[in-house]
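A.B. asks: Quick one, fold the following:
(one chain, ligands or ions: 1)
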Amino acid sequence: MQDEGVERTISYDFKPGRESFLAEVLIGLRKPQKELPSKYFYDERGSHLFERMCELEEYYIPRIEASIMQAHIKEMAELVGPHVLLIEYGSGNCKKVRFLLDHLHNPVVYIPIDISREQLLHVSKELASEYPKLEVYPVCADYLSSFDLPALKRPNERVVVYFPGSTIGNLDPILAKHFLEHVASVCGTAGALLIGVDLKKDPAVLHSAYNDKEGITAAFNLNLLQRINRELDCDFQLEWFQHYAFYNPRESRVEMHLVSQRDQEVHLNRETISFAKGESIWTESSYKYNLDEFEQMAAAAGFKVERVWVDERQWFSVHYWVVS
Ligand code: AVI
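C.D. replies: From the prediction side, this is the model:
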């Protein structure tokens, strides 16, 4: 049954519908190197599996990012300043932003943007009651598409975008630059970006992070096929696809694929898609940067680097950039 109270908390709903999901899947599966957009990982089960992944010993990103945030939160809050309008792209379960909100000086508005509608509805409602002085305007959207932000009633001193977790790494560098240019225009003059990005490291560390022993990452990857079966009436046989993730040093990225275990055919929207044994569907890239490369990205996108924090092994970094 639909909870009408919750319904009303979504400020804007631009969630891609079935038609665009189908179109994007078909475009991807018709390519010589078959691919699927990683944004579709995050249905209800996918979001849940991602949360479990974030608890894994091997998947170091959330743990190290949280330790950097904890060590430097006072300085971050000073830089952000009072009465901020905070926008978060890919807000997920909003766990990270709670820590930030708890330390900011009288934040006035929070706009979480996420493609996973159910989770967005749920956490926005929780946040609104936990932070009664904060106005929460959830926006359901694929943040790469163009959409309007809600018109706001309350004045703010600065717009700050929060983009944690190295989600920027899931965009190829050219798209990442365009996206960050767009973020700079959303921030406007006096605006800033607080962003977490994963750094280059021993490929063995990356290998275990994306091939965890419990098989949660594999289940997360395969869940995409299950979602396509359910929502698009497709007939992928999950037992005949296998998770495969590796670090590609030439491109500085972890690639996730699903590899067909035999010659087989899949049917979607009256189309037959053939797979040869060993052929893969490329489902995600996770780019890793070094600090210089990411600083160059800031300049290219119209930002000035104000501050960078790293952990002692330099595995992960958090950056505060201001619009230049
Ligand atoms: C959301 N994103 C930053 C994750 C990453 O590390 O690229 C998604 C993920 N894929 C497999 N494990 C985690």
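A.B. asks: Phi first, then psi, for the closest residue to Q119 other than its chain neighbours.
C.D. replies: Distances taken as CB to CB, 6 or more residues apart in numbering place S47 nearest to Q119, at 5.1 Å, with adjacent residues excluded. For glycine as for every other residue, the C-beta is placed from the backbone atoms N, C-alpha and C. The phi/psi pair for S47 (degrees, to the nearest 10) reads phi -60, psi -40.
A.B. asks: So which residues on the stretch 51-200 of the chain come close to the ligand?
C.D. replies: M53, I61, G165, S166, T167, G169, N170 (CB under 6 Å from any ligand atom).
A.B. asks: quick one, strands of this protein?
C.D. replies: 12-13, 84-89, 109-114, 135-136, 139-140, 158-163, 192-198, 241-248, 253-260, 264-268, 271-275, 280-287, 303-310, 316-323 (DSSP state E).
A.B. asks: Out of the ones you listed, which gets the lowest mean score?
C.D. replies: Ranked on mean pLDDT, the bottom entry among the strands of the chain is strand 12-13, at a mean of 71.
A.B. asks: Pairing partners for that one, with directions?
C.D. replies: Partner strands for strand 12-13, per DSSP bridges, with pairing direction: strand 139-140 (parallel).
A.B. asks: Turn the strands of the chain into JSON lines, including mean neighbour count and distance to S38.
C.D. replies: Shown next, in JSON lines, are the strands of the chain (neighbours: other CB atoms under 10 Å; distance: least, CB to CB, whole Å):
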{"stretch": "strand 12-13", "mean neighbour count": "15", "distance to S38": "21"}
{"stretch": "strand 84-89", "mean neighbour count": "24", "distance to S38": "15"}
{"stretch": "strand 109-114", "mean neighbour count": "24", "distance to S38": "14"}
{"stretch": "strand 135-136", "mean neighbour count": "19", "distance to S38": "27"}
{"stretch": "strand 139-140", "mean neighbour count": "24", "distance to S38": "18"}
{"stretch": "strand 158-163", "mean neighbour count": "22", "distance to S38": "16"}
{"stretch": "strand 192-198", "mean neighbour count": "25", "distance to S38": "15"}
{"stretch": "strand 241-248", "mean neighbour count": "18", "distance to S38": "12"}
{"stretch": "strand 253-260", "mean neighbour count": "21", "distance to S38": "8"}
{"stretch": "strand 264-268", "mean neighbour count": "15", "distance to S38": "19"}
{"stretch": "strand 271-275", "mean neighbour count": "14", "distance to S38": "19"}
{"stretch": "strand 280-287", "mean neighbour count": "21", "distance to S38": "4"}
{"stretch": "strand 303-310", "mean neighbour count": "16", "distance to S38": "25"}
{"stretch": "strand 316-323", "mean neighbour count": "22", "distance to S38": "20"}
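A.B. asks: quick check: longest helix of this protein.
C.D. replies: The helix that spans the most residues within the chain, counting by DSSP state H, is helix 61-80.
A.B. asks: Output the residue of this protein whose distance to the ligand is smallest.
C.D. replies: Closest contact between the chain and the ligand, by CB to the nearest ligand atom, is at S286 (3.3 Å).
A.B. asks: residues touching the residue nearest to that residue when sequence neighbours are not counted, list them.
C.D. replies: Spatial nearest neighbour of S286, chain neighbours left out: V254 (4.2 Å); criterion: CB to CB, 6+ apart. By CB atoms under 8 Å, 6 or more residues apart in numbering, V254 lies in contact with L206, A209, Y210, A245, F246, Y247, N248, E284, S285, S286, K288.
A.B. asks: Read off the pLDDT value for the most centrally placed residue in the chain.
C.D. replies: Most central in the chain under CA atoms, centre = their mean is T167, positioned 4.1 Å from the mean C-alpha point. Note on T167: pLDDT of 96.
A.B. asks: Give me the residues contacting stretch 90-103.
C.D. replies: 42, 47, 50-51, 62, 65-66, 69-70, 73-74, 76-77, 86, 88, 107, 110, 112-116, 119-120, 123-124, 126-127, 130-131, 134, 143, 162-165, 167, 194.
A.B. asks: Quick one: distance of that stretch to the chain centre.
C.D. replies: 14 Å (CA atoms, centre = their mean, to the nearest Å).
A.B. asks: buried stuff in that stretch?
C.D. replies: G90, S91, G92, N93, C94, K96, V97, L100, L101, H103 (16 or more other CB atoms under 10 Å).
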